[in-house]
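Student: model the following, please.
(one chain, ligands or ions: 1)
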Amino acid sequence: MSVTTQQLSQWKQQSRRITVLTAYEYAIAQLIDQAGIDIVLVGDSLAMVGLGYDTTLPLTLDEIIHHAKAVRRGVKQALLVVDLPFLTYQESPQQAIHSAGRILKETGAQGVKLEGGYPAMAETVSQLVQVGIPVMGHVGLTPQSVHQFGGYRKQGKTSDQAARIIAEAIALEQAGAFSIVLEHIPSDLAQNITQKLGIPTIGIGAGGGCDGQVLVTSDILGLSARQPPFAKTYTNLQQTITQAVQEFCTEVREGKFPPGN
Ligand code: KIV
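Tutor: I've put the predicted structure just below:
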């Protein structure tokens, strides 16, 4: 039995922390699933991490669906959630239903994630949930609004901003979201929101008071060219890969590989 959205709420009640990592292709998806991750997110960070864009804005629905299909084939246990790319859901609830519907039908994902909360997005979430599409919200630093924020800056530092983020999180819960990502906000604000909500919060750069944590997989593997200050690198695959490639080049050039030359 794979992880369900209902299980996530039970885990919150039991204070069992939830783990989330991103994946954009089959091999990594299979590895992180078999290692025991709870949720695999095909994040729109795909645009920057996997496709080399400067922001998440250029990513299309077709591109994320293409990657999510590969991830689906690797994920057997975890809950699979896919991001709605920029301008594939903000125009109207109908546009959101069409885009999210395509994601569920074409990839086999169990839910979608979208950015923003209040008031327009809450109505969209409500309509998605009414047609049976599970939704994960995302508030705080929402990267699709990078130009409005003037960079990838911490949000919720003033009392006005904090009040707005709290209102957004509550509106998303009331609209039926099954969970909410809290990105790059002060830890006391994230803890406050976590205590106010019945649904689990998943933090990224939001301190240890959330119900779960999400990171970008290439950051934890040491594969990212640039990474946010709150990410933790658990291993250095950049070094491992560089060494392996250099060794291969040397062995081929010196006639040591393949053996028996
Ligand atoms: O796109 C993404 O990878 C995300 C997570 C970092 C939360 O939204």
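Student: can you give me the strands in this structure?
Tutor: When secondary structure is read from DSSP state E, the chain shows strands at 18-22, 39-42, 79-83, 111-113, 135-140, 179-183, 201-204, 212-215.
Student: give the contact list for the closest residue to the ligand within the chain.
Tutor: Of all residues in the chain, residue 43 sits closest to the ligand, at 2.2 Å by C-beta to the nearest ligand atom. Bear in mind the C-beta positions are built from the backbone N, C-alpha and C, glycine included. Residue 43 makes contact with 22, 83, 113, 216, according to C-beta atoms under 8 Å, 6 or more residues apart in numbering.
Student: residue 138 now?
Tutor: Residue 138 makes contact with 113-116, 180-181, 183 under the criterion C-beta under 8 Å, 6+ apart.
Student: give me the beta-bridge partners of it?
Tutor: Following DSSP bridges, residue 138 is listed with bridge partners residue 181.
Student: make 577 the first number, not 1, from now on.
Tutor: Sure, I'll start counting at 577 from here, so that last one is residue 714.
Student: do you know the pLDDT at it?
Tutor: Residue 714 is assigned 98 on the pLDDT scale.
Student: what residues does the stretch 677-826 of the chain have near the ligand?
Tutor: Residues of the stretch 677-826 of the chain lying close to the ligand (C-beta under 6 Å from any ligand atom) are 757, 780, 790, 792.
Student: the third one - how many residues pack around it?
Tutor: Residue crowding around residue 790 was assessed by other C-beta atoms under 10 Å; the count is 24.
Student: now the closest residue to it other than its chain neighbours: how far from residue 779?
Tutor: Leaving aside its sequence neighbours, residue 790 sits nearest to residue 596 (C-beta to C-beta, 6 or more residues apart in numbering; 3.7 Å). Plainly put, residue 596 is 10 Å away from residue 779 if you go by C-beta to C-beta, to the nearest Å.
Student: neighbour count for these two, which is higher?
Tutor: Of the pair residue 596 and residue 779, residue 779 is the one with more neighbours under other C-beta under 10 Å, namely 29 against 24.
Student: wait, the more buried one touches residue 791, no?
Tutor: No. Residue 779 lies out of contact with residue 791 (C-beta atoms under 8 Å); the separation is 10.0 Å.
Student: just the C-alphas of stretch 810-826, formatted as CSV.
Tutor: Only the C-alpha atoms of stretch 810-826 are listed here, as CSV (Å, rounded to 0.1, in the frame of the first residue of the first chain):
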residue,chain,number,x,y,z
TYR,A,810,24.6,15.0,2.8
THR,A,811,27.1,13.8,0.3
ASN,A,812,29.3,15.3,-2.5
LEU,A,813,28.2,13.6,-5.8
GLN,A,814,29.8,16.4,-7.8
GLN,A,815,33.2,15.2,-6.6
THR,A,816,32.4,11.5,-7.0
ILE,A,817,31.1,12.0,-10.6
THR,A,818,34.0,14.2,-11.6
GLN,A,819,36.5,11.6,-10.3
ALA,A,820,34.7,8.8,-12.1
VAL,A,821,34.6,10.7,-15.4
GLN,A,822,38.3,11.7,-15.2
GLU,A,823,39.2,8.1,-14.4
PHE,A,824,37.2,6.8,-17.4
CYS,A,825,38.9,9.4,-19.7
THR,A,826,42.3,8.5,-18.4
